[in-house]
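# 3D model of this:
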Amino acid sequence: MTSSSIPSPPEAPADAASPPAKKAEDEQAMGLKTKADFLFLEELGEGSYSTVYLGSDRNTHTRFAIKVCSKAQIMREKKIQQIFREKECLQKLSRPESYHPFIVRLYCTFQDNESLYFVLSLASRQDLLGVLKKKKKLTVEEARFTTSEIVAALTHIHAHGIIHRDVKPENLLISQSGHIVLSDFGCAKMLEPTTPEPAPPTPAPSSEAPDGPPRTGRRCSFVGTAHYVSPEVLNNKIIHEGVDYWALGCIVFQLLAGDRPFNDVSEYFIFKRITSLRYEFPADFPDANAKSLIESLLLIDPDDRLGTRAKGGFSGFKEHPFFEGVDWKGLPDSVSPLMATK
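Predicted structure coming up:
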């Protein structure tokens with residue numbers, strides 16, 4: 001098989017990768033694109049089989065993040081199905097009725113003999129990990145705001161039958177206005193919908209949310225990042241949206257403690273700590289409600305975790321005291337406390 005022989009799934013209808021109505025002018029401008037339609041300005045990041053560039057549309061001068069995936073490397077790493085799943089998830093979440101301001105948008109895809117191209121919304125050059133490297137840890141107010149937006153993004157993708165499976169600070173971009181943008185759906189999995197799952201209100205053109213993920217998930221091989229991977233993944237058990245909420249618990253801990261809850265000298269010992277739930281809060285941990293939230297997320301049984309269907313979905317977060325006073329509907333328009341750190 002040559003590098004140009006990766007089959008391409010049928011392109012989605014024109015509106016499948018479209019932004020919401022307020023971005024209609026971008027939708028109309030995109031159309032069918034090729035590499036020649038963009039200027040590749042500089043490299044933003046690199047993965048095992050892809051490189052992300054800052055790109056500019058030659059006609060509109062709109063800037064995007066363009067993910068360029070090497071076909072040869074995709075085949076060497078046997079990631080063909082994974083790259084198609086990523087495209088499918090992004091297309092679903094980028095439809096007008098599925099739009100969410102805290103989730104990266106896919107504007108279009110195309111390919112040539114050597115590469116597949118994903119043209120994505122450009123958040124900024126900073127991610128949550130970069131913020132933590134500068135500050136080491138956040139204030140309780142900053143952590144509450146950040147966690148609220150992560151919760152809004154996660155409950156939204158779960159309501160659309162998608163689990164991310166690689167939630168970590170590096171994949172949480174910070175927009176120019178200081179808001180969270182969930183990115184990198186390379187490990188995402190789309191599950192068949194069954195019964196409705198409540199999600200937080202979003203400023204989408206349609207207020208209707210599709211069905212949530214099923215309670216019968218699926219077994220999977222290890223994906224994600226060692227420090228944030230859940231026990232059920234390590235034990236090759238059935239997974240569902242609870243894998244993302246485990247990672248959320250690890251992130252909240254890191255935001256306020258300045259370090260990850262599960263650390264050791266090697267992945268083997270990190271995994272041992274995770275599967276035996278061995279972690280400790282530092283003596284100066286700043287907030288009892290945040291501690292309670294973390295303890296409700298870092299639980300061995302995924303059905304026991306806050307946010308899962310068994311625990312009431314999004315309503316469980318709304319009722320937790322850590323989120324008291326959060327204006328969930330108004331989050332996208334609120335002033336971010338992270339702006340002071342940019």
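# wait, is L277 part of a helix?
No: with DSSP: H, G, I helix; E, B strand; the rest coil as the criterion, L277 is coil rather than part of a helix.
# may I ask you to confirm that it is in contact with I300?
Yes: using Cβ atoms under 8 Å, L277 is in contact with I300, at 5.8 Å. Glycine gets a C-beta too; all of them are placed from N, C-alpha and C.
# which one's more surrounded, these two?
Comparing L277 with I300 by neighbour count (other Cβ atoms under 10 Å), the higher total belongs to I300, at 15 against 12.
# OK, contacts around the more buried one?
Listed by Cβ atoms under 8 Å, 6 or more residues apart in numbering, the contact set of I300 reads P231, T275, L277.
# got JSON lines for those, with pLDDT too?
As requested, these are arranged in JSON lines below (pLDDT from 0 to 100):
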{"residue": "P231", "pLDDT": "97"}
{"residue": "T275", "pLDDT": "97"}
{"residue": "L277", "pLDDT": "98"}
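# mind checking the SS state of S315?
Classification of S315 using three-state DSSP returns helix.
# mind naming the longest helix for this protein?
Taking DSSP state H as the criterion, the chain has its longest helix at helix 140-159.
# for it, packing partners?
Applying 3 or more Cβ pairs under 8 Å, 6 or more residues apart in numbering; DSSP states H and E, we find helix 140-159 packed against strand 180-182, helix 242-257, helix 288-297, helix 314-318.
# dump those into TSV; add mean neighbour count as well.
Putting those into TSV (neighbours: other Cβ atoms under 10 Å) gives the following:
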stretch	mean neighbour count
strand 180-182	25
helix 242-257	25
helix 288-297	18
helix 314-318	19
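# make JSON lines from the ones you listed and add distance to V151 and mean pLDDT to it.
Output for the helices and strands packed on helix 140-159, formatted as JSON lines (distance: least, Cβ to Cβ, whole Å; pLDDT from 0 to 100):
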{"stretch": "strand 180-182", "distance to V151": "10", "mean pLDDT": "97"}
{"stretch": "helix 242-257", "distance to V151": "7", "mean pLDDT": "98"}
{"stretch": "helix 288-297", "distance to V151": "10", "mean pLDDT": "98"}
{"stretch": "helix 314-318", "distance to V151": "5", "mean pLDDT": "96"}
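# closest one to S336 among those?
Of all the helices and strands packed on helix 140-159, strand 180-182 sits nearest to S336, with 8.7 Å by Cβ to Cβ.
# and the closest one, what does it pack against?
Using 3+ Cβ pairs under 8 Å, 6+ apart, strand 180-182 sits against helix 140-159, strand 172-174.
# what's next to the last one, contact-wise?
Looking back up the chat, that one is strand 172-174. Outside strand 172-174, the residues that reach it (Cβ under 8 Å, 6+ apart) are 104, 123-124, 126-128, 130-131, 150, 180-183, 251, 338, 342.
# buried subset of those?
Among the contacts of strand 172-174, those classed as buried by 16 or more other Cβ atoms under 10 Å are 104, 123-124, 126-128, 130-131, 150, 180-183, 251, 338.
# which of these has the weakest pLDDT?
Looking at those by pLDDT, the weakest one is S124, with 79.
# name the element that residue belongs to?
Under the criterion DSSP states H and E, no helix or strand holds S124.
# please apply the same query to Y268.
Using DSSP H and E, Y268 falls in helix 267-275.
# with F40 instead?
Element membership of F40, judged by DSSP H and E, is strand 38-46.
# domains in this structure, by residue range?
14-120, 128-341 (automatic domain parsing).
# what segments of the stretch 51-200 of the chain are helices?
Here the stretch 51-200 of the chain has its helices, by DSSP state H, counting those that start in this stretch, at 71-76, 80-94, 128-135, 140-159.
# just name the most buried of these.
helix 140-159 (a mean of 23; mean count of other Cβ atoms under 10 Å).
# that one vs helix 128-135, what angle?
Here helix 140-159 runs at an angle of 170 degrees relative to helix 128-135 (axes from the mean of the first three to the mean of the last three Cα atoms, to 10 degrees).
# great, nothing more from me.
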